[in-house]
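Asks: here is my input, please return the structure:
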Amino acid sequence: MSAAHPVAELYADHHRWLHAWLRKKLGCAHQAADLVHDTYLRLLRRDEMPRLEEPRAFLLTVAQRVLANHWRHQRIERAFLETLAQWPQALAPSAEEKACLIDALVEIDRLLDGLPAVVKRCFLHAQLDGMSHGEIAAELGISLSSVKRYLVKAGARCYFALDLE
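Replies: Have a look, this model is predicted:
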């Protein structure tokens, strides 16, 4: 009989502890269960598992990243739904379209992560709001050349990130 997969051993030994930690952070057992699942899925997708001296510390690091992504997703979804509430009912997207739009916004946020806020805002104004370079410059109080430079920077980040996947 072959040895158990290292993630299976982690799951068996620490699942309850990780679920309790996430439940405490989230205040919801169902969301905690979902994020425990996402944490172990992330581990299963790894090419190799490191040799773990402190498995709980390792799991905690992975779970904290999953939790941060969860909170980011919630923040983006909330902002999108607040914006959507201002749209005319006739333009409201279907539930499936909403889910796709939220996923796209989360992915854009992930791709732009680490860029300065002004670069992100330039990109979002151009791509989501359809603003011209001049309108963006006026809105953000920056030069037209800065708008162009920032759009190139953000566009390159997205293009090359997608190219690597």
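Asks: wait, Pro93 touches Ile102, no?
Replies: No - Pro93 is beyond contact range of Ile102, at 10.1 Å (criterion: CB atoms under 8 Å). In short, each C-beta sits where N, CA and C put it, glycine included.
Asks: of these two, which one has the most company?
Replies: Neighbours were tallied for Pro93 and for Ile102 using other CB atoms under 10 Å; the higher tally belongs to Ile102 (18 against 12).
Asks: how about that one, nearest residue that isn't a chain neighbour?
Replies: Excluding its sequence neighbours, the residue lying closest to Ile102 (CB to CB, 6 or more residues apart in numbering) is Glu77, at 5.1 Å.
Asks: next SSE after the helix or strand hosting the one you found?
Replies: In this assignment (DSSP states H and E), Glu77 forms part of helix 55-84. Using DSSP H and E, the helix or strand that follows helix 55-84 towards the C-terminus is helix 95-112.
Asks: which residues outside that next one are in contact with it?
Replies: 72-73, 76-77, 80-81, 84, 93, 119-120, 123-124, 127, 154, 157-158, 161-162 (CB atoms under 8 Å, 6 or more residues apart in numbering).
Asks: just the buried residues from those residues, in PyMOL please.
Replies: Per 16 or more other CB atoms under 10 Å, the buried members of these correspond to this PyMOL selection:
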select buried, resi 73+76+77+80+119+120+123+124+154+157+158
